[in-house]
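> What follows is a predicted protein model with its sequence.
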Amino acid sequence: MKLAQICRHGFRDWRCWAALWLLLSLGLFGWLWWDARSWLLGSPEASFRYTALNEWPVWVLWWFLAPLILWVHGRLTLLDRHWPWALALHCLMAFLITGGFILVIAIRLLLANHLPWAFLPVILRDLRSVGKWDYLPLMIYCMAIFALYAVSYYRQWRAGQLLTGELRVANAKLETRLVRASLDALKMQLHPHFLFNTLNSITSLIRNNRTREAEDVVAGLGELLRRALEHRQEAMDTLEHELEFLRRYFEIESIRFQDRLQVEYDIAPDCLPAQVPCLMLQPLVENAMKHGISREPSARLLRISARRERERLVLSVYNDGPALPRDELLGSSGIGVQNTRTRLHMLYGDAARFELRDHPPHGVLARLTFPFATLTSHDHDHRPHPHPDR
Amino acid sequence: MTTSSRILWGMTLAMSGAGALMLAVFLGPRHDLPVMPRPATDKDVLRVAHVQPVWPDPHRWGFPLPTQNQFVLCLWEPLIECDPETGQPQPAAAEGWRWSDDRRALTIALRRDGRWSNGEPVTARDFVRAWRRLLLQDGGQAAVLFPVENAEKFHREKGADGGSLGLEVVDDFTLRIKLGAVRSTFVAELADPLLSPLHESTEKVLKEERYRREPATLVTNGAFCLERAKAGSFRLKTNVHYHGRSTVRLAGVEYICADNFRMARLLVAAGRADLMAPIPAGSPTAVPTRRCLTEESEMAMVITAMDLNVTRGPLRDPRVRRALALAMDRAGSIRKDDADRLVPAYAWVPDMPGRPRLSLLKENADEARRLLAEAGYPGGRNFPVLIMPMSARDANYGYWQAWTERWFRELGIRTYLAFQTEEERKRGMKTGDYDVYPSGLIATVPDAGDMLGVFAFPETFSGTRWINPEMKRLLAEANNTTGLERLQRLEQIERQAMEAVPTIPMMFERRRTLLSVEVEGWYADPLGRQALKRLALRPLENGEPARPNAL
């Protein structure tokens, strides 16, 4: 594992490559010297013609030129604003390398044939006259530079992509904060609504001289407000907590409705730890009270149920009150319903569904369906994130 | 100054400097360069720059090139050598020869003073040993001995029944050779370097290449012996036991291997060598130094031709074949670079000592068209595409293309130059699956009969498949005669062959040699077998001549 890490890091470090190149170059030099030692030491029996220096393909030169080319390329890429100069210098370099190759071939001929150095220009001319000037190095250099530029531009593009990705993540985080702020704002819309109703109840109790009950309501309201404020910064809570909140709520409302209110809970045990948006059920319960049970004297049942359907959580609030007025069916224009829709959409997008419909033969059913998720101490990140479109 | 501009200027300066330096080298002086003085150790040593490899083994090559011929003739002396002036055979290792009455047996008396470089006498056994070795070689070189009785059988059967071979050692200094048939040129053929004698130790020394470590182990009977062998390059010194040592004016010969002909030419120009051949095509006439050089040229006994498969299609008709031969423009097709090398061939035998070349094919495109129309192909109509197998590496590809293009323009005949592998071409040659075959011939004897033998023995030599018993008869008659009568017979053969045109002669070659003016005694030899022992080095007065040289 450690070796693999060392190798991985080593291959990214140019110094490792430089050391490897140096090592191999020294080996190559050593071998060439050893092979040509007799000729280099001036032995009359030795001939340059039969040394590896003469017999090896001239392309070995590319091995020695490679670092130079990489260095030149590295330097010239810095000249962003002076690209015509960089282009001109690359052209010059290409011609120098091509000329160098031709020169090496001519020098090898000169040495192999024991001609004096003054004959070098003559050999160069002779090589040209028989079409032996090899222009392939020119093309190879151009292709190498083209490839190097392509690689460096690809790297830049990849870096840009990564930066864009990071920006996107930052953007998403910012958006989450905005959504959370919006949710807080929505919650702030709920609180006055609830408070208004409760205060009306308290007022009604006081008017009817039911001061002790009024005190209980105020105490219950205080508890509710405390809990609400505790959770103000959280978009989500468990269903268990939400039901606890509703119990408090019903304690207050039962004072208003006396014995007429019959609340039933049909909660599957595996749904209790499920994540639900904070105060999501309360407006629906409140609507059921307001538009259902309070409108028809015979109505008294309010059933809250929760069950899991595969990966989805289905919450429903049923009351046996009168059917919905037509405008409620069509537009569901009540503030509580609208808030519920908006919050669901913000949190789950199209993955959430909200229905409000009559439940024949009588009664009204509000039904919420959204992805099932639980919150544990280990997988904090599994909390449902706000929908990215928001 | 910013980092960018520092980089910019630094690199610009460095690269410009390097570029200027390189430019200076590329555009450096190329005229009037100094000549290397001749080292004191090379006084009277002839230095030969060569490109084609040379080997101290006379049997290595089937058709030895001039450099190899000269190298072998420096080290070994065959029985006969040809006179530089007349081309006629004269004794070398032999003292004299005598034909039997039926001219089927040749008795050769060897020199009594012939000595190997180790002092031992050269005997008839040394020749027989060498020739038996030659006959056991796999290459085509053994063919030079096929006129000897049972020699071909001995070669084919890899030495079986050696007793019937027509070589007899009468005594140490007498060799009797029995021929399978009368062959008047046989004595001249004995001048071939392939027929050099070999000392009893030589075969082993050559096989183990011992001569590289111990040059003296290579025992030779020529004017020179090996002094040093360094991969590809050799230095020879005078053989103190050579019978004609007093006539040899050189102290030695050095063979310097060059990478190519241009380098060899520069070696001569620089003063590192005194002689090189052949001069490469397209070489500039001026040399880059002030060394005084001269150029010698000689007609080589070489011909480039197009063999026509007379057993296929319209090529069966002699009028068609003649039309193809007459439609050419040989002189006009010679490239500028080759103007000094190629000579148009209007007959089969080139100029040679004592026999000027003939002009038997008069180029005439109108006559060619008339002949083609007469044969039933006016304007090339209905004439099938001719298939010409070709090697992708053929140096003369441009010429084959130009010549066949000429057929299309003048006669409307198309030719397909089909690139084939060596194996495919050999197979095609055997089965006759071709129309035109690019061919050539190199003579091994300075005699027209050697070149004309291709028509008498087409089954052996020619890709034409043209068999005419009359040719065999005429050649046999010529081989029974000598002198002018023989020449007349040979001319008759050549005229008849060119009338039937089974092959179209295209080009002869002229061999050019670059020499320092210090070299004295160079002579023309159509087979490139100049004996370097005849040469000398003449020291120049006041060193190198001051005048600039233009060949």
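Yep, it's here. Numbers count the residues shown, from 1 in each chain, chains lettered A, B, ... in the order given.

> If you count residues, where's the longest helix of chain A?
Secondary structure of chain A per DSSP state H: the longest helix is helix A:136-207.

> Quick one: mean pLDDT over it.
Averaged across helix A:136-207, the pLDDT comes to 79.

> Return the list of helices and strands in contact with that helix.
Contact analysis of helix A:136-207 by 3 or more C-beta pairs under 8 Å, 6 or more residues apart in numbering or on different chains; DSSP states H and E lists helix A:61-76, helix A:83-112, helix A:211-230, helix A:239-257, helix A:281-287, helix A:335-348 as its packing neighbours. In short, each C-beta sits where N, CA and C put it, glycine included.

> contacting residues for B:A300?
With contact taken as C-beta atoms under 8 Å, 6 or more residues apart in numbering or on different chains, B:A300 is in contact with B:350, B:442, B:508-511, B:526-528.

> Low-confidence ranges, the stretch 1-150 of chain B, go.
B:1-5, B:62-64 (pLDDT under 70).

> on that earlier part again, please list which of the contacts of B:A300 also come close to chain A.
Among these, not one lies near chain A by C-beta under 8 Å from any C-beta of the partner chain.

> mind listing which of these are in strands?
Judged by DSSP state E, the contacts of B:A300 include B:442, B:508-511 as members of strands.

> from these, which has minimum pLDDT?
B:I442 (85).

> burial count for it?
For B:I442, the neighbour count with other C-beta atoms under 10 Å in any protein chain shown is 17.

> Can you give me every residue that contacts the closest residue to A:D358 other than its chain neighbours?
Residue nearest to A:D358 in three dimensions, not counting chain neighbours: A:A323, with 4.5 Å by C-beta to C-beta, 6 or more residues apart in numbering or on different chains. If a contact means C-beta under 8 Å, 6+ apart, then A:A323 has A:358, A:362, A:364 as its contacts.

> Turn those into CSV, columns for neighbour count, pLDDT and secondary structure.
Output for these, formatted as CSV (neighbours: other C-beta atoms under 10 Å in any protein chain shown; pLDDT from 0 to 100; DSSP: H, G, I helix; E, B strand; the rest coil):
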residue, neighbour count, pLDDT, secondary structure
A:D358, 14, 86, strand
A:H362, 15, 80, coil
A:V364, 23, 90, strand
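
> And the residues you listed, which is closest to chain B?
Closest to chain B out of the contacts of A:A323 is A:V364 (75.7 Å), distances taken as C-beta to the nearest C-beta.

> May I have the beta-bridge partners of that closest one?
Beta-bridge partners for A:V364, by DSSP bridges, are A:N319, A:D358.

> right, and it touches A:N319 too?
Yes - counting by C-beta atoms under 8 Å, A:N319 is a contact partner of A:V364 at 5.7 Å.

> Overlap of the contact sets of these two?
Contact criterion C-beta under 8 Å, 6+ apart; residues shared by A:V364 and A:N319: A:288, A:292.

> Looking at the stretch 201-350 of chain A, what residue ends up closest to chain B?
A:G349 (50.5 Å).

> So for that residue, what's the pLDDT?
For A:G349, pLDDT reads 81.

> So for stretch B:453-469, mean pLDDT?
Stretch B:453-469 comes out at a mean pLDDT of 83.

> what's in contact with that stretch?
Applying C-beta under 8 Å, 6+ apart, the contact partners of stretch B:453-469 are B:307-311, B:348, B:429, B:432, B:434, B:437, B:439, B:441, B:471-472, B:474-476, B:493, B:496-497, B:500, B:502-503.

> if we can go back for a sec, just tell me which of the helices and strands packed on helix A:136-207 ends up closest to B:R409.
For those, the distance to B:R409 is smallest for helix A:83-112, at 40.2 Å, taking C-beta to C-beta.

> how distant is that closest one from the center of its chain?
Distance of helix A:83-112 from its chain centroid, counting by C-alpha atoms, centre = their mean, to the nearest Å, is 49 Å.

> Next, the buried residues of it.
Within helix A:83-112, the residues scored as buried using 16 or more other C-beta atoms under 10 Å in any protein chain shown are A:85-86, A:89-90, A:92-103, A:105-112.

> helices or strands next to it in the packing?
Using 3+ C-beta pairs under 8 Å, 6+ apart, the elements in contact with helix A:83-112 are helix A:52-55, helix A:61-76, helix A:120-129, helix A:136-207, helix B:3-26.

> how many other residues sit next to A:Q282?
By the criterion of other C-beta under 10 Å, A:Q282 has 21 neighbours.

> B:P66 versus that one, what's the distance?
According to C-beta to C-beta, to the nearest Å, A:Q282 and B:P66 sit 116 Å apart.

> what about the helices in the stretch 401-550 of chain B?
B:422-431, B:448-456, B:458-461, B:469-479, B:483-500 (DSSP state H, counting those that start in this stretch).

> I'd like to know how far A:G165 sits from A:R158.
10 Å.

> so where is the stretch 251-390 of chain A shaky, pLDDT-wise?
Using pLDDT under 70, the flagged stretches of the stretch 251-390 of chain A are A:256, A:326-335, A:375-390.

> hmm, try it at 80
Within the stretch 251-390 of chain A, the stretches with pLDDT under 80 are A:252-259, A:278-279, A:290, A:324-339, A:346, A:361, A:375-390.

> can you pull the contacts of the closest residue to B:D274 other than its chain neighbours?
Once flanking residues are discounted, B:D274 sits nearest to B:S516: 4.4 Å by C-beta to C-beta, 6+ apart. Contact analysis of B:S516 by C-beta under 8 Å, 6+ apart lists B:268, B:274-275, B:291-294.

> let's see 10 Å
Contacts for B:S516 (C-beta atoms under 10 Å, 6 or more residues apart in numbering or on different chains) come out as B:35, B:38, B:46-47, B:268-269, B:271, B:273-276, B:291-294, B:537-538, B:540, B:544.

> Please apply the same query to A:F354.
A:280, A:284, A:315, A:332, A:337, A:340-341, A:343-345, A:366-370.

> beta partners for it?
On the basis of DSSP bridges, A:F354 is bridged to A:L368.

> Relative to A:V317, how far out is it?
11 Å.

> which neighbours do these two share?
By C-beta under 10 Å, 6+ apart, the residues touching both A:F354 and A:V317 are A:284, A:366-368.

> which two from those end up farthest apart in space?
By the measure C-beta to C-beta, A:L284 and A:R367 form the most distant pair in these, at 9.3 Å.

> Show me what residue of the stretch 1-150 of chain A gets nearest to chain B.
A:P121 (3.5 Å).

> most neighbours per residue, which of the helices of the stretch 401-550 of chain B?
helix B:448-456 (a mean of 24; mean count of other C-beta atoms under 10 Å in any protein chain shown).

> Stretch B:11-26 and chain A in contact?
Yes - on the criterion C-beta under 10 Å from any C-beta of the partner chain, stretch B:11-26 is in touch with chain A at B:11-12, B:14-16, B:18-19, B:21-26.
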